[in-house]
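>>> Return atomic coordinates for the entry below.
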Amino acid sequence: MIQGKNILITGGTGSLGKALTKKLLTFNPRVIRIFSRNENNQINMKNQFNDKRLTFLIGDIRDKERLKRAVEGIDIVIHTAALKHIDIGEYNPFEFIKTNIDGSQNVVDVCMDEEVEILLGVSTDKAVSPLNLYGATKLTMEKLIIAANHYKGKRKTKFCCVRYGNVFGSSGSVIPKFVEQIKTKNSITITDLSMTRFNIEMDDALNLIFNAIKTTRGGEVFIPKLKSYVLSDLVKAFQIIFNHFFNSQGFWGFG
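Numbers count the residues shown, from 1 in each chain. Take a look at the predicted model:
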């Protein structure tokens, strides 16, 4: 399914994008285009991989014309680009809407116009009954991508999504944040110790994406079965692992 294909990853310099690229290269694609806004991250990734099959394109999914150029000749688009920090989204709602919703609509339109084989959107468990803007924008992204199957006409493109929890250790996730707070002897900031999280290993997230690409008929949201954990249990685990960083009261606080 991947061998000999032309693939584009939006937001390709992020944690998922880099892991996807590494795995995709083992399947011998013809080319992988990395589409993102961050010039420095592209330089670092280019040096890290040093593979002639990779092409790096500066661009923003908000810019439909630039996106159209990036998608020309592409077979499979994996859409990972998004603004994702929940607290920032609450204070910058217009920016989240422009990227996560308007930008995703651009991706749908361009993929349809260019008649790519598959557009796969990467979503989040926060899209389920969303309580914050980030979750609401990702739910809207899912709706836009899935609905495209109904108005694509005779075009061949298959539109689908994957939805899963937090990837262990990914940028912006809670675990590296906690580790950094502990190492700097700051409080672990948690809004509510009774909160739960769904987590997934990066390899499992990648396998879900590849299985979706392989089996999609268009219109599916692929969701893995994941176990949840309570954040208080995670804090206790960190207390055991980093015990010498804690005093008798512990360093965690509530934000």
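>>> Return the set of buried residues in stretch 26-35.
For stretch 26-35, the neighbour count (16 or more other CB atoms under 10 Å) marks Pro29, Val31, Ile32, Arg33, Ile34, Phe35 as buried. Placement of C-beta: from N, CA and C, glycine included.
>>> Would you agree the first one falls within a strand?
In other words, Pro29. No - under DSSP: H, G, I helix; E, B strand; the rest coil, Pro29 falls outside any strand and is assigned coil.
>>> could you list every residue that touches it?
Pro29 makes contacts with Ile2, Gln3, Gly4, Lys5, Asn6, Ile7, Arg53, as judged by CB atoms under 8 Å, 6 or more residues apart in numbering.
>>> Need phi/psi at the last one.
Note on Arg53: backbone dihedrals following degrees, to the nearest 10 are phi -80, psi -10.
>>> And for the first one?
For Ile2, the backbone dihedrals (degrees, to the nearest 10) come out as phi -100, psi -30.
>>> tell me the contacts of it?
With CB under 8 Å, 6+ apart, Ile2 has these contacts: Leu24, Phe27, Asn28, Pro29, Ile76, Phe210, Ile213.
>>> how does it look with 7 Å?
Leu24, Phe27, Pro29 (CB atoms under 7 Å, 6 or more residues apart in numbering).
>>> And those residues, which is closest to Asn100?
Within those, the smallest distance to Asn100 is 23.8 Å, found for Leu24 (CB to CB).
>>> Helix or strand for that closest one, just tell me which one.
Using DSSP states H and E, Leu24 sits in helix 15-25.
>>> now the residue nearest to the spatial centre of the chain: how far from Met1?
Closest to where the C-alpha atoms of the chain average out (CA atoms, centre = their mean) is Thr80, at 4.2 Å. Remark: distance between Thr80 and Met1 (CB to CB, to the nearest Å) = 18 Å.
>>> just Leu24 next, same as before
Between Leu24 and Met1 the computed distance is 11 Å (CB to CB).
>>> in which helix or strand would I find the closest residue to Lys98 other than its chain neighbours?
Nearest non-adjacent residue to Lys98, counting by CB to CB, 6 or more residues apart in numbering: Arg62, 5.6 Å away. Counting by DSSP H and E, no helix or strand carries Arg62.
>>> Please verify my assumption that Arg62 contacts Thr99.
Yes - with contacts counted by CB atoms under 7 Å, Arg62 reaches Thr99, the gap being 6.2 Å.
>>> Same drill for those two, tell me which one is more crowded.
Between Arg62 and Thr99, Thr99 has the larger neighbour count (other CB atoms under 10 Å), namely 24 against 15.
>>> Tell me the helices and strands packed up against whichever helix in the chain runs longest.
The residue-count maximum for a helix in the chain (DSSP state H) belongs to helix 133-151. Under the contact criterion of 3 or more CB pairs under 7 Å, 6 or more residues apart in numbering; DSSP states H and E, helix 133-151 touches helix 86-91, helix 93-96, helix 104-114, strand 118-124, strand 158-164.
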